[in-house]
Every structure is written in structure tokens, then in C-alpha cells.
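[1] One predicted model, sequence on top.
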Amino acid sequence: MLQSLYSYIKRIHPVSEEVMQAIGKYFEILETPKRQVLLKDGETCQYLYLVLDGVMRMYYIKDDEEVSSLFIEENYFFTAQSFYSRTPGYEYIDAIVPSKLARIHYTQLQSLYKEYPELNFIARVITENYLVKGQERLFLLRRQTAEERYVYFTERYPTLLQRVPLKYIASYLGLTLETLSRIRNKIRG
């Protein structure tokens with residue numbers, strides 16, 4: 001069941017069988033139904049997750065509206081900012097579709113880092129990937145027109161268009177659903 005996790009780690013950096021066994025000891029599998037909320041505003045995230053199957057969404061509430069901040073598909077690690085800060089956060093995490101996740105608790109992960117220093121390198125690469133996704137969203141919202149944001153999203157994440165409701169995509173792109181519909185109709189001709 002954790003084969004995806006092992007493969008992901010080995011693509012980043014080779015590790016010994018002992019390290020893999022230690023990882024397998026601490027990660028657990030979690031199956032979530034559609035719309036299951038894993039984290040709410042005001043909570044501190046206790047887990048680092050890897051999506052094995054499905055699509056997850058991170059979002060926050062602004063002016064009584066959900067604003068999608070991240071979509072996570074298979075073979076991506078994710079967590080909330082509160083996981084690192086160890087303070088209550090403002091983010092929600094939920095499953096867009098029924099999903100299967102691997103997760104590890106914060107204290108167990110810290111133990112692995114101490115016992116197996118090579119995992120710190122792997123963690124740095126994962127964190128860099130996570131940072132790039134966040135920076136990409138900031139670029140989308142600050143530098144491009146609404147149409148350019150949508151086109152970029154469709155080119156960069158074509159599978160999400162089939163798996164994520166348009167209202168979530170619209171909020172991720174900083175658009176209303178109506179504006180997104182107009183852009184889609186214009187592009188289709």
C-alpha cells in the first residue's frame with residue numbers, strides 16, 4: 001500500500017531498506033469519502049500527507065466565501081502552514097473526491113529526521129516543491145489577466161479540469177464562477 005510513498009522517496013534520493021522500514025512503521029493509510037474535512041480553521045495540523053489516490057483541496061474562508069488555495073493530486077505531499085508553525089491555522093483541508101492518503105504525525109516525522117539525517121534532504125526537496133506551488137499561485141493572481149490565469153491553469157493542470165468543480169477552480173484563480181464561464185465560452189469560440 002505504501003509502494004507509491006517508497007517510489008516517491010527513492011526518486012528524490014536513494015535510502016536504505018532500514019530507512020524504508022522505519023518510514024513504513026510510522027506512515028498510516030487513511031481513506032476519505034468525498035467532502036471529508038481533515039482540518040478546520042482554528043486547528044493545528046498534526047499530519048503530513050501524501051495523496052495516493054484522489055484529489056484534495058486546501059482553502060480558507062474570506063467574506064463568508066471559500067477560497068481554494070491548493071489542489072493536490074496523486075503523488076504529492078501536502079500539509080497546512082500550521083503543521084510547521086505548530087499554532088492554530090486558518091486553513092481547511094478536504095477531499096474533493098473519495099481519496100486514499102498516507103500520513104505521518106508531526107512528532108513521528110521529527111523522530112525520523114533525527115534518527116535518519118538523510119530524510120532531511122528528502123524533506124527539503126518536498127518542501128521546495130510545495131513552495132514552488134505556492135509561488136506559482138501568487139504569480140497567477142498578481143501578474144496575469146483572468147484569461148491568462150485560466151489558460152495557464154488548463155495547460156499546467158489539465159486533469160484537474162475533469163476532477164475539480166469549476167466553482168473551486170474559479171476561486172483558486174481569483175475569479176467568480178460567472179467570469180470563469182465567460183472566459184471558457186470565449187476560448188471555445
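    Here it is on my side, so go on.

[2] which residues sit in contact with L2?
    L2 sits next to 23-24, 27, 29, 102 when contact means CB atoms under 8 Å, 6 or more residues apart in numbering. All C-beta spots, glycine's among them, are computed from the backbone N, C-alpha and C.

[3] now do 10 Å
    By CB atoms under 10 Å, 6 or more residues apart in numbering, the residues touching L2 are 8-9, 20, 23-24, 27-29, 50, 52, 102.

[4] Which members of those are classed as buried?
    By neighbour count, with 16 or more other CB atoms under 10 Å, the contacts of L2 hold 8-9, 23, 27, 50, 52, 102 as buried.

[5] Check which helices and strands the helix ranked longest in the chain sits against.
    In terms of residue count, the longest helix belonging to the chain (DSSP state H) is helix 118-143. When contacts are defined as 3 or more CB pairs under 10 Å, 6 or more residues apart in numbering; DSSP states H and E, helix 118-143 packs onto helix 3-12, helix 17-26, strand 47-53, strand 65-72, strand 77-78, helix 106-115, helix 146-156, helix 166-172.

[6] Out of the contacts of L2, which is nearest to S85?
    L50 (20.7 Å; CB to CB).

[7] how near is that closest one to V67?
    According to CB to CB, to the nearest Å, L50 and V67 sit 24 Å apart.

[8] low-confidence ranges in the chain?
    Where the chain drops to pLDDT under 70, the residues are 1.
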